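S.K.: coords below, sequence missing:
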């Protein structure tokens, strides 16, 4: 049991963070809060990948002349790092577009509260 | 925020810090082959320098540094550098983005990949820097005419 | 010693996330979110992903913060919940 | 050489056009349309060549950057993806031709970015179709998604909010997808689809692998607009500008369905996917019922999209060759139907100034050719024999009967009956309600974009009015509508040929090959 | 939440993603990158090589995404000044 927790506590924390993000996106009424929830979900997903790249006793994936390249156990796995670099960029740009939409919504309705927006879109 | 601040301290600090941030950005970009860093981080730092200027000295005054109406075009040029490299590799008889088939045959393949990576990262830096500035300008409706 | 630090960082991460979501003042929430991003970056570095950690620090604490502030400046600062 | 490189050229040409358009647009604003049309035509030709190459020489596996698949990224052009990319490039060409006049009328200030964003959307969708790598799929999915959010955000006043809701849901879907890929990567250590399929027997009993699949399917279901999470779709489609809807509606959801096929093919259609069949059936029934209740044509079409994506999912998840062919045929048919219907709806909105069903009286006399195309597409939606829709439904029904799942047979038949209901509702209003003089006044008042009606006053003599009432769409908009409408009939007539020569090859190996 | 308990533990050297060849006998990308990145491109930073060479199309997609965000914001927000 203790081994399980020691090996997986990072995953548990990240799942918790993922749940918090989903909760914020569904329950919070302010659009900015929804965007924050979105960024939390993305961070949690990215961290899961990073955790998967970790190796006990591995060093960072930059070649060190003193450490042999032949034994891959001595370096961390560079693949998830690369993928997550891309994923971070994607996350940032998505946030940028969501800000653009939020500003656009505010221009039209002068509010960012979801309930009020739903009411106003219905009544027209 | 779009206007000039009225505090001289902020303005001087912004003017002083922005070039340093951009210098670090350029360093990070060229250091990418040997340590943490690379095109994207360098581009973000360069963009951060410009955004700092945009915020401190005002959007109008920072137009001379990077003009808002050109950012989108420059972003496209950055992307063209990347995609164009890939197309040139196809024309050279290889697969898409295969640096070993770029038409610079006097280099051996490993070094062609080395310089290919550098060239492509140049495109990334330009594209990311101007792309992020464009998003900021659009959110704040910086006048670009 | 190593895993205790990481555990602490994770705890701060969750707490920062919850605080950011519950603040009524959006500007304060953004500052808390920047702390959150910074914790994520520290965790990444502690797991050996220096490139990603560097990027997350630059992006999460820099660009996203600026965008948030810009968007809040353009819209409204108060939140109902 | 072009045919050999076609897997890379199809998405890259679109993306290249997208980034060239701002550069040329900086010098000459009018050039955007020509770049877009040239690119769409070029990609259409390239994908035709690619299809021919695939049919003669077999599947092309394209190693991007020259690295072998598990190391580099692989693009796969097999009969299935060649078929879908041909469909994408065909509808792209039609839509871009159609868009010229419509964009000039609807978004006069945003012509240049519109073409650029639509090229990005198409490039993303084409990339999703062709890639053989789960993470690369995510990147292309995000390109398409971001372009889609931007396109759907322009329209009337309510458009940004509906696009925002789509964005939150879509980002959550993408995050689910990425999480699912992470689980699969952690358990198998690879991202290439073929490679995963070869490793999978070793790890099949781990929960992580199965949950990974479930998360991926959940993420894709958001993009497809399946029943419980379909709410973003009608709002986004209704409030967006009609050109954007024409671009996204026919192919956006279909590509997500196609990706579902690809992901399920990795897993060889596990049995627990049956749950999805029930979701699909619910989607069919709910979509059809909600479509009847709508007053607005575009909204009605959006709900019928939900129903039709249900058909496609049903065909995929029934997991037998007949239903699978039915699903593929339905992807083709439904894309063409929606192309005609939304194009015609865009024309109606421009010329009549309204999309409300109850104010459609006299519409056939105003726009006879559009009505013709509209009716053909509606007939295909119901499934009347000479049109393509009939055959795809027949295959779906046969597939459902073969697995003896009578509830799904019932769902398909019920939805067909409901489709008849909305067809007749439209015909009733358009043809059989007497055309009243007062309607002209209404049309004149309601249409802000009126061009020909502008000079007509209601007091003119009826004959004079009759001659001026004809108000078709412009020729550039009419040609694509007619081409696709005739295409619907042609697909119906030549369906045997299409199935035998193309779709039969696209069936995964582990299904028993179906010989017509 | 329950699923993650079934994943390989963090830092486990025997996890599938860290092997040299996988169960089906094909090389696993991560280990290959570590062994050959310097040989192939003379660049010590493996992340950089993977980013810009082995999986360069992902990076191209990333740059296109940035461009898409830029032009998307341009499309949504920018309007003519009167």
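M.R.: Here it is on my side, so go on. Being a predicted model, the structure only gives us computed values, none of them experimental. Residues are numbered from 1 along each chain as shown, chains lettered A, B, ... in the order given.

S.K.: Return the distance of the longest helix along chain A from the chain's centre.
M.R.: Using DSSP state H, we find that the single longest helix of chain A is helix A:78-109. Counting by CA atoms, centre = their mean, to the nearest Å, helix A:78-109 is centred 11 Å from the centre of its parent chain.

S.K.: Now do the buried residues in stretch A:33-43.
M.R.: Neighbour-count burial for stretch A:33-43, counted by 16 or more other CB atoms under 10 Å in any protein chain shown, picks out A:33, A:34, A:35, A:36, A:37, A:38, A:39, A:40, A:41, A:42, A:43. Backbone N, C-alpha and C define where each C-beta goes, glycine included.

S.K.: Next up, the contacts around the residue of chain A found nearest chain B.
M.R.: Of all residues in chain A, the one sitting closest to chain B is residue A:96 (4.2 Å; CB to the nearest CB). Residues near residue A:96 by CB atoms under 8 Å, 6 or more residues apart in numbering or on different chains: B:132, B:135, B:139, C:67, E:69, E:73.

S.K.: host element of the fifth one?
M.R.: Same thing as residue E:69. helix E:56-77 (DSSP states H and E).

S.K.: again with the fourth one
M.R.: Following DSSP H and E, the helix or strand that holds residue C:67 is helix C:64-74.

S.K.: tell me which residues of stretch C:18-37 are tucked away?
M.R.: Along stretch C:18-37, these residues count as buried under the neighbour rule (16+ other CB under 10 Å): C:20-21, C:23, C:26, C:29-37.

S.K.: Would you mind pulling the contact partners of that stretch?
M.R.: A:20, A:24, A:28, A:30, A:32-33, A:36-37, A:39-40, A:43, C:12-13, C:16-17, C:56-57, C:59-61, C:64-65, C:68-69, C:72, C:76-81.

S.K.: The helix holding residue C:67 versus helix A:78-109: what angle between them?
M.R.: 0 degrees (axes from the mean of the first three to the mean of the last three CA atoms, to 10 degrees).

S.K.: Number of residues surrounding the residue in chain C positioned nearest to chain B?
M.R.: Ranked by CB to the nearest CB, the top residue of chain C for proximity to chain B is residue C:50, at 4.2 Å. By other CB atoms under 10 Å in any protein chain shown, the residues close to residue C:50 number 20.

S.K.: pLDDT score for it?
M.R.: Per-residue pLDDT puts residue C:50 at 85.

S.K.: Just give the nearest non-adjacent residue to the residue of chain A closest to chain B, would you?
M.R.: Nearest residue to residue A:96, sequence neighbours excluded (CB to CB, 6 or more residues apart in numbering or on different chains): residue B:135, at 4.2 Å.

S.K.: could you say what helices and strands the helix or strand harbouring residue D:491 packs with?
M.R.: Element membership of residue D:491, judged by DSSP H and E, is helix D:475-493. In this structure, helix D:475-493 packs against helix D:79-106, helix D:321-352, helix D:368-382, helix D:388-402, with contacts taken as 3 or more CB pairs under 8 Å, 6 or more residues apart in numbering or on different chains; DSSP states H and E.

S.K.: In TSV: those helices, plus distance to residue D:283, mean pLDDT and mean neighbour count.
M.R.: Shown next, in TSV, are the helices and strands packed on helix D:475-493 (distance: least, CB to CB, whole Å; pLDDT from 0 to 100; neighbours: other CB atoms under 10 Å in any protein chain shown):
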stretch	distance to residue D:283	mean pLDDT	mean neighbour count
helix D:79-106	21	88	24
helix D:321-352	13	85	26
helix D:368-382	16	84	22
helix D:388-402	14	85	22
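
S.K.: Let me have those in CSV, adding distance to residue D:473 as columns.
M.R.: Output for the helices and strands packed on helix D:475-493, formatted as CSV (distance: least, CB to CB, whole Å):
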stretch, distance to residue D:473
helix D:79-106, 8
helix D:321-352, 4
helix D:368-382, 6
helix D:388-402, 23
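
S.K.: Tell me which of the ones you listed approaches residue E:56 most closely.
M.R.: Of all the helices and strands packed on helix D:475-493, it is helix D:79-106 that lies closest to residue E:56, at 21.3 Å by CB to CB.

S.K.: Report the next helix or strand after the lowest-mean-pLDDT helix or strand in chain E in sequence order.
M.R.: Across the helices and strands of chain E, mean confidence by mean pLDDT, DSSP states H and E is lowest for helix E:29-41: a mean of 74. Downstream of helix E:29-41, the first helix or strand assigned by DSSP H and E is helix E:46-49.

S.K.: Tell me which residues are up against that following helix.
M.R.: A:61-63, A:75, A:78, A:81-82, A:85, B:32-33, B:36, B:38, B:113, B:117, B:121, C:51, E:33-34, E:37-38, E:40-41, E:43.

S.K.: can you tell if the helix or strand containing residue D:11 touches chain E?
M.R.: In the assignment (DSSP H and E), residue D:11 maps to helix D:2-27. Yes. Interface with chain E: helix D:2-27 contributes D:15, D:18, D:19, D:22 (CB under 8 Å from any CB of the partner chain).

S.K.: between those residues, which has the most around it?
M.R.: Within those, neighbour counts (other CB under 10 Å) peak at residue D:18, which reaches 31 neighbours.

S.K.: what number of residues lie near the nearest residue to that one once chain neighbours are set aside?
M.R.: Once flanking residues are discounted, residue D:18 sits nearest to residue D:119: 3.7 Å by CB to CB, 6+ apart. Counted with other CB under 10 Å, residues neighbouring residue D:119 total 29.

S.K.: still on that earlier bit, going through the contacts of stretch C:18-37, which ones are buried?
M.R.: For these, buried by 16+ other CB under 10 Å: A:20, A:24, A:28, A:30, A:32-33, A:36-37, A:39-40, A:43, C:12-13, C:16-17, C:56-57, C:59-61, C:64-65, C:68-69, C:72, C:79.

S.K.: Quick check: which of those are also close to chain B?
M.R.: C:59, C:69.

S.K.: on that earlier part again, could I get the buried residues of stretch A:33-43 in JSON lines, plus columns for pLDDT and secondary structure?
M.R.: Shown next, in JSON lines, are these (pLDDT from 0 to 100; DSSP: H, G, I helix; E, B strand; the rest coil):
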{"residue": "A:33", "pLDDT": "90", "secondary structure": "helix"}
{"residue": "A:34", "pLDDT": "90", "secondary structure": "helix"}
{"residue": "A:35", "pLDDT": "91", "secondary structure": "helix"}
{"residue": "A:36", "pLDDT": "91", "secondary structure": "helix"}
{"residue": "A:37", "pLDDT": "91", "secondary structure": "helix"}
{"residue": "A:38", "pLDDT": "91", "secondary structure": "helix"}
{"residue": "A:39", "pLDDT": "91", "secondary structure": "helix"}
{"residue": "A:40", "pLDDT": "91", "secondary structure": "helix"}
{"residue": "A:41", "pLDDT": "91", "secondary structure": "helix"}
{"residue": "A:42", "pLDDT": "91", "secondary structure": "helix"}
{"residue": "A:43", "pLDDT": "91", "secondary structure": "helix"}
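
S.K.: Please produce CSV containing those residues, extended by distance to chain D.
M.R.: Converted to CSV, the buried residues of stretch A:33-43 look like this (distance: CB to the nearest CB, whole Å):
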residue, distance to chain D
A:33, 11
A:34, 6
A:35, 8
A:36, 11
A:37, 8
A:38, 5
A:39, 9
A:40, 10
A:41, 5
A:42, 6
A:43, 10
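
S.K.: among those, which are in reach of chain C?
M.R.: Checking these against chain C (CB under 8 Å from any CB), the matches are A:33, A:35, A:36, A:37, A:39, A:40, A:43.

S.K.: roughly how far apart are the residue in chain E that chain C sits nearest to and residue C:77?
M.R.: Across chain E, no residue is closer to chain C than residue E:47, which sits at 4.6 Å (CB to the nearest CB). Residue E:47 sits 39 Å away from residue C:77, going by CB to CB, to the nearest Å.
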